[in-house]
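Peer 1: This is a predicted model, with the sequence first.
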Amino acid sequence: MTDFEDRKAYAKGSLQDLDNADIIGLLTQWLEEAKASDPDDYNAMTLSTVGGDGHPNARIVLLRSLEHTESGWAVAFYTNYQSVKGQELSAHPHAAATFFWSAIERQLRVRGPVTQMTPEDSDRYFASRPRESQIGAWASSQSQEVADRKALEASWEAQNNVHSQNVPRPPHWGGYLLHIQQVEFWQGRTGRMHDRISAERTGPEWRISRLQP
């Protein structure tokens, strides 16, 4: 057996009680403070979905924006619709996303229904990507088996030759909106007596509760 018994004392902050006006403002503030502490990876989030077998799946994706929609605020990310995550979201359009920022001892969790973004919004984002990434979206059948690395690189080269000028968005690639139905703020505290505040949408308002650690 290998032990992983390293200990860390959490003592960098606290979390005061919140009201309805604080929720999205605090979420945005935490993202900005995470960006200041870790500009490279602050927007990396663990996206959890449910497979057809009822088992969970999780992977890291990148938060690209917070969007205000008719139903409230949503987390935006982009991927291949035919990937495992895309297939799972098609069958079960709900997900959870988790951020963990070690430097500021915080965790942020959001849950809610997921919808595809409009083709126009996906087109706009795709046009902003580096050309190499645009070609990669055409070259990769995400989550599918490939013979070897050479075959993958050959596919990229082939697509690079096909799209020698502007690269259009593949029809199988685009954005998702994870509509924030529930959010939980976690701030590490000493003695493992962490602060946890949960907010769940109930119509236009949030039901806010403090949770035990």
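Peer 2: Cool, the structure landed.

Peer 1: elements contacting the longest strand anywhere in the chain?
Peer 2: Scanning the chain for the longest strand, with DSSP state E as the assignment, gives strand 106-116. Contacting strand 106-116 under the criterion 3 or more Cβ pairs under 8 Å, 6 or more residues apart in numbering; DSSP states H and E are the following elements: helix 23-37, strand 94-101, strand 173-179, strand 182-187. All C-beta atoms are positioned from the backbone trio N, CA, C, and that covers glycine.

Peer 1: Repeat the analysis, applying 6 Å as the threshold.
Peer 2: Strand 106-116 is packed against strand 94-101, strand 173-179, strand 182-187, with contacts defined by 3 or more Cβ pairs under 6 Å, 6 or more residues apart in numbering; DSSP states H and E.

Peer 1: Pick the most buried one from those.
Peer 2: strand 173-179 (a mean of 23; mean count of other Cβ atoms under 10 Å).

Peer 1: distance between it and the chain's centre?
Peer 2: Using Cα atoms, centre = their mean, to the nearest Å, we find the averaged C-alpha position of strand 173-179 to lie 10 Å away from the chain's own average C-alpha position.

Peer 1: what does stretch 69-79 give?
Peer 2: In terms of Cα atoms, centre = their mean, the centre of stretch 69-79 is found 10 Å from the chain centre.

Peer 1: Which residues does it contact?
Peer 2: Stretch 69-79 is touched from outside by 24, 61, 63-65, 67, 97, 110, 175-180, with contacts defined as Cβ atoms under 6 Å, 6 or more residues apart in numbering.
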